[in-house]
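>>> one predicted model, sequence on top.
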Amino acid sequence: MKKTTTFILLLLAFNSHAQNFEWRPIVPGIDCDDSSFLSCRVRKFVVDTQRNVLWMIGLFDGAGGIISPNAIGFDGTDFIAFPGTMDSFIAVHTRDAIMYNGDLIVGSSDNKIYKYDFNTLQHSIIFNANDDVLSLGIYNGDLIAGGRFYPGVLKWNGSQWDTLGGGLWGSTRIVECLENYNGKLYAGGNFDFAGNTDAWNIASWDGSTWNNLCAIGGSFGTDMLDGNHNAASVNDMEVFNNKLYITGQFEKVCGDTTYLAYWDDTTWHGTSYPYYQGERIKANGDTLIVESYGGTTFPNHHFYWNGIQAMAVDSGFGSGGNLDLAVFQNTYYSGGGFTNSGNTLAFKIARLVDVGTGINEIDNESGVKIYPNPSQSEITIETTSNEVIKLISVNDLLGRELIQQKPINSNTTIDISALSAGVYLLQVQSKHGEVKISKFIKE
């Protein structure tokens, strides 16, 4: 059955100022030679704090006009070519990726773990498994790997692999996610036992022993309403407000009905937010995003939660869907095979923007203001710095130039009445050749 992805942004700390969250494209975006664009996609993000770069792995030819097949970086402003070469076979089979000791580690559905050394610019295989490697993490300085392979989870200290207390196993053995919380390693997925302990789909490792998080009332973790814990799974975990949130395909946690739950290191608490089963979850400051599928309250939409009610963002990503979420430089990024977010073109990658009552992303940083925004007839571009503006152009979201105008003084008015309603790109070129891109809405 095809899954329809849905985003819900939960603003668990209420903000008094007006907020209007929308997924917006990064322009210029991902480049694909595939004329159908069906295989082109961003599969995985990796935040590289050492280089302050967001790496993207997937099937593409590059981005922003830079040739960089299957892997490329973004520094928050510009795309950066991946050093060396990312093998297309590795990109196709990537299921998780992480930075470890300065190297890029990739877990793969071809039953291997690859290490990419940024010094030698070479790939090497550091683990040959007997099944898929689905999740990667770090705990007490060791690289942790989980997946379908036996024994479900292993640790690597940089030179050798070891088991963790008998592993995770049962009628199925799937470790989908790994997370650190309050000094322990948490593993989630679809399994029956952690070592010799009953643990339904979630367990904690304290460095020497596996423990379940629920052993009362005949429940040992997550399950379905009919009591079939084998049909349940934990797909992702995230620490938020010093609590461990989990999402996945489950209907009960520790016997209580819930579709999103959090663990406070002692007790499970269920939530009643308006969505169904979740695929991915990511926290950033006072916000929490859950990507979910199914449900009837808000099907096929994006939402955010302001502490009082859920509000729609737009009508969701188009065909191709979302494959990963990341937080980089305090901003949410989404990547996948989608070509739009609601009525906005967003080709394979987008970032979440609080547009307030309009869109004005370059006001403070570039010394340029756009107002009114949105507008029905005309917009004014005002320079507030000493930078001399050479040329102003209005483009559509495919980058096609629609209007070009040379500024006469520090205030330039552009007639946009002939444009169709929608989102447009304003490109401002300085006398020295520097280009800034912002967005505005034509009502």
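Cool, the structure landed.
>>> who's in contact with the closest residue to Gly167 other than its chain neighbours?
The spatially closest residue to Gly167, leaving aside those adjacent along the chain, is Pro151, at 2.7 Å (C-beta to C-beta, 6 or more residues apart in numbering). Using the backbone N, CA and C atoms, a C-beta is placed for each residue, glycine as well. Under the criterion of C-beta atoms under 8 Å, 6 or more residues apart in numbering, the contact list for Pro151 reads 163, 166-169, 173.
>>> quick check on Pro151: phi, psi?
As for Pro151, its main-chain torsions (degrees, to the nearest 10) stand at phi -100, psi 30.
>>> select the longest helix from this protein.
When the chain is scanned for its longest helix (criterion: DSSP state H), the result is helix 88-93.
>>> residues near Ile138, how many?
Burial of Ile138 is recorded as 17 neighbouring residues (other C-beta atoms under 10 Å).
>>> which helices and strands sit right next to the helix or strand just after the longest helix of the chain?
In the C-terminal direction, the helix or strand that comes right after helix 88-93 (DSSP states H and E) is strand 94-100. Packed against strand 94-100 by the contact rule (3 or more C-beta pairs under 8 Å, 6 or more residues apart in numbering; DSSP states H and E) you find strand 41-48, strand 53-59, strand 103-108, strand 133-139, strand 142-147.
>>> out of those strands, flag the one nearest Asn211.
Comparing these against Asn211 with C-beta to C-beta, the closest turns out to be strand 133-139 (14.6 Å).
>>> could you check the angle that closest one makes with strand 142-147?
When axes from the mean of the first three to the mean of the last three C-alpha atoms, to 10 degrees is applied, the directions of strand 133-139 and strand 142-147 differ by 160 degrees.
>>> still on that earlier bit, need the helices and strands packed on strand 94-100 in CSV with distance to Ser124 and mean pLDDT, can you?
What follows is those, written out as CSV (distance: least, C-beta to C-beta, whole Å; pLDDT from 0 to 100):
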stretch, distance to Ser124, mean pLDDT
strand 41-48, 17, 96
strand 53-59, 17, 97
strand 103-108, 9, 98
strand 133-139, 15, 98
strand 142-147, 14, 98
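>>> and these: which comes nearest Asn411?
Evaluated over the helices and strands packed on strand 94-100, closeness to Asn411 peaks at strand 53-59, with 36.0 Å, by C-beta to C-beta.
>>> what strands flank the closest one, and is each parallel or antiparallel?
Partner strands and pairing direction for strand 53-59 (DSSP bridges) are strand 41-48 (antiparallel), strand 71-74 (antiparallel).
>>> winner for burial among those strands?
Compared across those, strand 71-74 shows the largest average neighbour count, a mean of 24 (mean count of other C-beta atoms under 10 Å).
>>> find the nearest non-adjacent residue to Ala347, please.
Wrong residue type there; residue 347 is Phe, not Ala. Using C-beta to C-beta, 6+ apart and skipping residues adjacent in sequence, the residue nearest Phe347 is Gly29, 4.6 Å away.
>>> should've said Ala326
Across the structure, with C-beta to C-beta, 6+ apart as the measure, the residue nearest Ala326 apart from its sequence neighbours is Phe45 (3.6 Å).
>>> name all residues that make contact with Asp198.
When contacts are counted by C-beta under 8 Å, 6+ apart, Asp198 touches 192, 212, 215, 220.
>>> would you list every one of the helices in this structure?
Assigned by DSSP H, the helices in the chain fall at 88-93, 363-366.
>>> buried set for the first one?
Across helix 88-93, burial judged by 16 or more other C-beta atoms under 10 Å covers 90-93.
>>> return the closest of those residues with respect to His123.
The closest of these to His123 turns out to be Ile90 (C-beta to C-beta; 6.9 Å).
>>> doesn't Ser109 make contact with the closest one?
No. Judged on C-beta atoms under 8 Å, Ile90 makes no contact with Ser109 at a distance of 10.5 Å.
>>> next up, the contacts around Leu143.
When contacts are counted by C-beta under 8 Å, 6+ apart, Leu143 touches 98, 100, 105, 136-137, 155-158.
>>> Phe149 versus that one, what's the distance?
As for Leu143, its distance to Phe149 is 15 Å (criterion: C-beta to C-beta, to the nearest Å).
>>> before we move on, what about Ile90?
Counting by C-beta to C-beta, the gap between Ile90 and Phe149 amounts to 17 Å.
>>> OK, contacts around Leu391?
Going by C-beta under 8 Å, 6+ apart, Leu391 touches 404-407, 428-429.
>>> any chance of the buried residues of helix 88-93 in TSV, plus pLDDT and distance to Gly285?
Below are the buried residues of helix 88-93 laid out as TSV (pLDDT from 0 to 100; distance: C-beta to C-beta, whole Å):
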residue	pLDDT	distance to Gly285
Ile90	96	33
Ala91	95	31
Val92	93	34
His93	96	33
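>>> Ile281 is nearest to which of the strands paired with strand 53-59?
Go through the strands paired with strand 53-59 one by one with C-beta to C-beta and the one that ends up closest to Ile281 is strand 41-48, at 14.4 Å.
>>> how far off centre is the closest one?
With C-alpha atoms, centre = their mean, to the nearest Å as the basis, strand 41-48 stands 8 Å off its chain's centre.
>>> got any ranges where the stretch 151-300 of the chain has weak pLDDT?
Applying pLDDT under 70 to the stretch 151-300 of the chain picks out residues 272-276, 292-300.
>>> partners of Asp48 in the sheet?
Each beta-bridge partner of Asp48 is listed here: Val53, as defined by DSSP bridges.
>>> what sits against it?
Each residue near Asp48 by C-beta under 8 Å, 6+ apart is listed here: 54-55, 73, 99, 104.
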